[in-house]
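1. Let me see the structure of the following:
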Amino acid sequence: MNSCKLSVVVPCFNEQEAVPIFYNEVKKILVTLKAEYEIIFIDDGSSDKTLEEVKELSEKDKCVHYVSFSRNFGKEAAMYAGLKKAAGDYVVIMDVDLQDPPSLIPEMLSAVCSGEFDSAATRRTNRKGEPPVRSMFARLFYKLMRYFSDIDIVDGARDFRMMSRTMVDAVLSVSERGRFSKGIFAWVGFRTKYFEYKNVERSAGKTKWNFRKLFLYSLDGIVAFSTKPLVLASITGILFLFLSFLFIIFIIVRKVLFGDPTAGWPSLVCIILFVSGIQLFCTGILGQYLAKVYLETKQRPLYIAKDEK
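-> This next block holds a predicted model:
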């Protein structure tokens, strides 16, 4: 472990209060390691004084580096930028709010340095402090991911993860624009050891994730790693085609045998509206995949850095 170097990648967005607290806490842990280290803050276009706080730390500590985006590109872009800048033999990604306990770093480093594992990942065993509705939808998301995709994402998995240089290079080789890191970590494979911990409150500030953002993020994850929704849309179409034939036969038989008139316009309108809803739902699924293809073909950069050190 003496000859290795550890890079700590920390995405930040409007976290001016949390940055100095995080630095003090993680520094206490890093100085106990028998390894070189660097701390890389990724300022994701913050509108507060996050960048100023990071620059102040960088002036005091030569181990602190940063990349500042020209605008908010999102956490996925921030993690990607951090992995690209990291020069360590091992790289750990963690949130600045200290909901990812720095105390786990020594154990994670020991696991990957042993050569037995390429990655040390983490998962929360509970969601104490979260709104019940958000926790329910989070659990539902992991179930859907396991059902719809061929990758296995552990329930409660966090982005807090330490990786070997080999795995980092593999993650960076996945250059798609619509990134979903939890899925990418699972897709590239490698031997992974999981560490569990209980959920803790933020050290400062407020979460930037709301229900809408989490829903869209979940949708991106499912679309990025599964084509089963398209299969579901196809099966639904075939099912309704079959049902429509049965309904036509039923009407013909009823008319021939009993001479009953066909149902009135209210039932017809309900059927049309229902089937139209199914069609729009299936079209929406197709649209999500077409949007992914469209964005990938544009080949825009994942982020634009305006300043770094």
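2. CA atoms for contacts and neighbours, from now on please.
-> OK.
3. how much space between the residue minimising distance to the centre of the chain and Arg165?
-> Per C-alpha atoms, centre = their mean, the C-alpha nearest to the average position across the chain is that of Phe180, at 4.5 Å. For Phe180, the distance to Arg165 (C-alpha to C-alpha, to the nearest Å) stands at 20 Å.
4. Ile93 too?
-> From Ile93 to Arg165 the distance is 13 Å (C-alpha to C-alpha).
5. Settle it for me: which of the two has more neighbours?
-> Ile93 (22 against 19; other C-alpha atoms under 10 Å).
6. now that one, nearest residue through space, not along the chain?
-> Val9 (4.7 Å; C-alpha to C-alpha, 6 or more residues apart in numbering).
7. Is the one you found in a helix, a strand, or coil?
-> Put simply, Val9 is strand when judged by DSSP: H, G, I helix; E, B strand; the rest coil.
8. residues near it, how many?
-> Neighbour tally, Val9, other C-alpha under 10 Å: 29.
9. now Ser114
-> 10.
10. pLDDT value on it, please?
-> On the pLDDT scale, Ser114 is placed at 82.
11. What values do phi and psi take at it?
-> Ser114 adopts backbone torsions of phi -70, psi -20, taken as degrees, to the nearest 10.
12. Give me the distance between it and Glu107.
-> 11 Å.
13. repeat for Arg179
-> Where Glu107 is concerned, Arg179 sits at a distance of 28 Å (C-alpha to C-alpha).
14. for Ile249, same thing?
-> When Ile249 is compared with Glu107 (using C-alpha to C-alpha), they lie 68 Å apart.
15. Tell me where the stretch 1-150 of the chain has helices.
-> Here the stretch 1-150 of the chain has its helices, by DSSP state H, counting those that start in this stretch, at 18-30, 50-60, 75-85, 105-113, 132-148.
16. could these go into TSV alongside mean neighbour count?
-> Supplementary listing: the helices of the stretch 1-150 of the chain in TSV, determined by neighbours: other C-alpha atoms under 10 Å:
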stretch	mean neighbour count
helix 18-30	16
helix 50-60	17
helix 75-85	21
helix 105-113	18
helix 132-148	15
